[in-house]
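J.: turn this into a structure:
(2 chains)
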Number of protein chains: 2
Amino acid sequence: MDIAILGYGVVGKGVDTIISAQLDSCAVTRILELPDRLSDERMTASFDEIIDDPSIEAVVECMGGVEPAHSLIVRALSAGKHVITSNKAVVAAYFGEFVALADEHGVGFFIEASTGGGIPWIASIEKARRIDAISSFSGIMNGTSNFIIDAMLRDGSDFGEALSRAQELGYAERDPSADLDGIDVKNKTIISASVAFDAQCTHDLPVSGIRTITKADMEAFAAQGCAVKLLGRGVCRDGRYAASVEPVALPVDSLEAHVPANFNLITLVGETIGELKFYGQGAGMLPTGNAIVQDLLDCAAGIRPGYHFGAKLDYDPALLMGDYCFRSHVAPPDAEPSGDGRWLVRNVSAEAARAAFDRVLSEDPGAFMAALS
Amino acid sequence: MDIAILGYGVVGKGVDTIISAQLDSCAVTRILELPDRLSDERMTASFDEIIDDPSIEAVVECMGGVEPAHSLIVRALSAGKHVITSNKAVVAAYFGEFVALADEHGVGFFIEASTGGGIPWIASIEKARRIDAISSFSGIMNGTSNFIIDAMLRDGSDFGEALSRAQELGYAERDPSADLDGIDVKNKTIISASVAFDAQCTHDLPVSGIRTITKADMEAFAAQGCAVKLLGRGVCRDGRYAASVEPVALPVDSLEAHVPANFNLITLVGETIGELKFYGQGAGMLPTGNAIVQDLLDCAAGIRPGYHFGAKLDYDPALLMGDYCFRSHVAPPDAEPSGDGRWLVRNVSAEAARAAFDRVLSEDPGAFMAALS
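T.: Sure thing, here's the model as predicted:
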């Protein structure tokens, strides 16, 4: 199968490397790049050349970002080419449109690499759904924020030192906002919820990040037998769903509390299978490249993803209720003081907690909030 | 697809339950049972009736044990019926024969449920192998022994109390030897190695269990920052392999150290994918039934397992070397005393360690040995 790669950054190179080293059944014949980066005879700056080439059966999109990725994917699917993408932002924003176009044109739309990097997470949800309804999922889906939290816990680094180390190692971007503020996890949570609950989950989720966490916060949670991790979570019940992204204080004896460095750990819960957890590299050239190549192998074997977004699910924030801990010199609404500048807010939805956090942040931008698991 | 179930114990019932509740594409039309247990009109004590029924395309073997399971599987495959089995003992003993017969008769031989219960372990190894060579695997593959170790750690139970609790809860058999002495894990390790390395791994492995572990052993390891878990491990390099089953002292901050109750956690390492870990229920009616039904769905979709055992691998004990801790009043060969009735044996193969342990046990049947990870 001849394929074209869109974007020759870290992931695009990884796909090219794996295909040329390991695969006889696929060949990368075209690569879309910017006009000033055409360093290889397969490269072109013209997407038309790729679209108009009937020998190219599949397009691997590794550009990142919403545009022009969105329009290129739409054109590729409409031209009857399979699309494989690692781009969580564009999938989260246009998942339903892409799935409908792929169905209309009888091609596959593959997204394993968009969520969980090298972990076979999307495929595992799809496989579990052949038998079980998935009642919930949750997990550590962002390696950068886990690296920072882990470094703060293990070495006693403060947030700034840990972030600098993550940037030196290439785990964090120069502008790390998407990782630190939960945007990356939000996209992955929307994608996971859509696949797990087989519906396009478009509701704007409550999202909080780890940007304001301090060593003192971690010590306070540790004193209560907890470790904080940034989790994406989703739950589905009786035709309704809820999802959230937020720091969660987990028992120190949980597996999640021991996920090191930039690894991910994601859990699904099904009726007959119970709890299944999947752990691995959530990013990186070879793991993400591996996930794309797995999709390519399925595509070449005629296997098509199993999501169709038949159901319409209502969003119901009451499905995700819990207690929250705030650290701030400003009291959140309906909070009980719990000592040392900390507050407990009991039995609120993730949405209500996020709204309370907004009010606190407007007066105290350094405040921190975590759900108590 | 019409199927027959052989054996209507816990697993057979689970398969029947899941198929009738969730699946339109399969029907259980015959069940092989003992003559005095024919409580359902689908039941028969005659395997000929099943073999001679051309409407039955697949046979699900959940009898356990080596015979008559082995001869029934041979007859089913030879009659051109797909076979799905959860029976690790018979697969470990006759894997190569079954794979060859399935290839010869153009049918599938499916074993997901034999190892890791509800965890999609076998399928994940096969999938990883499409791209990567698997260099090693390791994991907690026996829920009963993990339950006992976990109970001893958490509640301070002694071995006998923890075993009784496991038996009360149905996690341990009345004769728990296969679980405690590592035989169950040995079978799963042979199966995992065969699938991971795509060769029939028939060498008699060094196997040690947890029968002699004491609270004092655990406390001594805890003082060194370690927790003991019973692991099956395999490694493959340059056309050679080694495998072992033994208690291993793991760092307390590893994921493995925090696997609770009767759960399993199994790891594979591939060249591009890196480390992948899979966690879930390693046994039980619904998880094991789920794994069998997943195999049935693949079978019905025309998917066939990817192992062919093309390569011939030599066994090389030098691939699994390490340091070992012994607790005994008898000194193992070449051991350094490490205080408190404990001994350290450095840089020996798992086979040499097991041979040393045999010599120690002959004089001190209560001795304990663990590898240091």
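J.: what parts of the stretch 101-250 of chain A come near chain B?
T.: A:Gly118, A:Ile119, A:Pro120, A:Ala123, A:Ser124, A:Lys127, A:Arg130, A:Ile131, A:Asp132 (CB under 8 Å from any CB of the partner chain). Glycine gets a C-beta too; all of them are placed from N, C-alpha and C.
J.: got the domain ranges for chain A?
T.: A:2-110, A:132-281+A:311-372 (automatic domain parsing).
J.: for the last one, what is the average pLDDT?
T.: Confidence over domain A:132-281+A:311-372, taken as the mean pLDDT, stands at 96.
J.: got the contact list for the helix ranked longest in chain A?
T.: Across chain A, the longest stretch assigned as helix under DSSP state H is helix A:88-105. Contacting residues not belonging to helix A:88-105 are listed as A:61, A:64-66, A:69-70, A:73-74, A:77-80, A:82-83, A:85, A:108-109, A:111, A:114-115, A:184, A:186-188, A:190-191, A:194, A:200, A:202, A:307-309 [CB atoms under 8 Å, 6 or more residues apart in numbering or on different chains].
J.: run the last query once more with 7 Å
T.: A:64-66, A:69-70, A:73-74, A:77-78, A:80, A:85, A:108-109, A:111, A:114-115, A:184, A:187-188, A:190-191, A:194, A:200, A:307-309 (CB atoms under 7 Å, 6 or more residues apart in numbering or on different chains).
J.: filter those to the buried ones?
T.: A:64, A:69-70, A:73, A:77, A:85, A:108-109, A:111, A:114-115, A:184, A:187-188, A:190-191, A:194, A:200, A:307, A:309 (16 or more other CB atoms under 10 Å in any protein chain shown).
J.: which one of the residues of the stretch 101-250 of chain A next to chain B is nearest A:Ala301?
T.: Nearest to A:Ala301, judged by CB to CB, of these is A:Ala123 at 13.0 Å.
J.: check contacts around that closest one.
T.: Per CB under 7 Å, 6+ apart, neighbours of A:Ala123: A:Glu112.
J.: which secondary structure element is home to it?
T.: A:Ala123 is part of helix A:121-129, with elements assigned from DSSP states H and E.
J.: pop out the phi and psi values for the closest residue in space to A:Arg30 that isn't next to it in sequence.
T.: The spatial neighbour of A:Arg30 that comes closest, neighbours along the chain excluded (CB to CB, 6 or more residues apart in numbering or on different chains), is A:Ala4 at 4.0 Å. A:Ala4 has phi and psi values of phi -120, psi 140 when expressed as degrees, to the nearest 10.
J.: could you find the closest non-adjacent residue to A:Arg342?
T.: A:Arg342 sits nearest to A:Arg327 (CB to CB, 6+ apart), 5.1 Å away.
J.: what is the burial count for that neighbour?
T.: 23 (other CB atoms under 10 Å in any protein chain shown).
J.: show me the beta-bridge partners of it.
T.: A:Arg342, A:Phe368 (DSSP bridges).
J.: against A:Ala249, how distant is it?
T.: Separation of A:Arg327 from A:Ala249 (CB to CB, to the nearest Å): 12 Å.
J.: count of neighbours near A:Asp48?
T.: 9.
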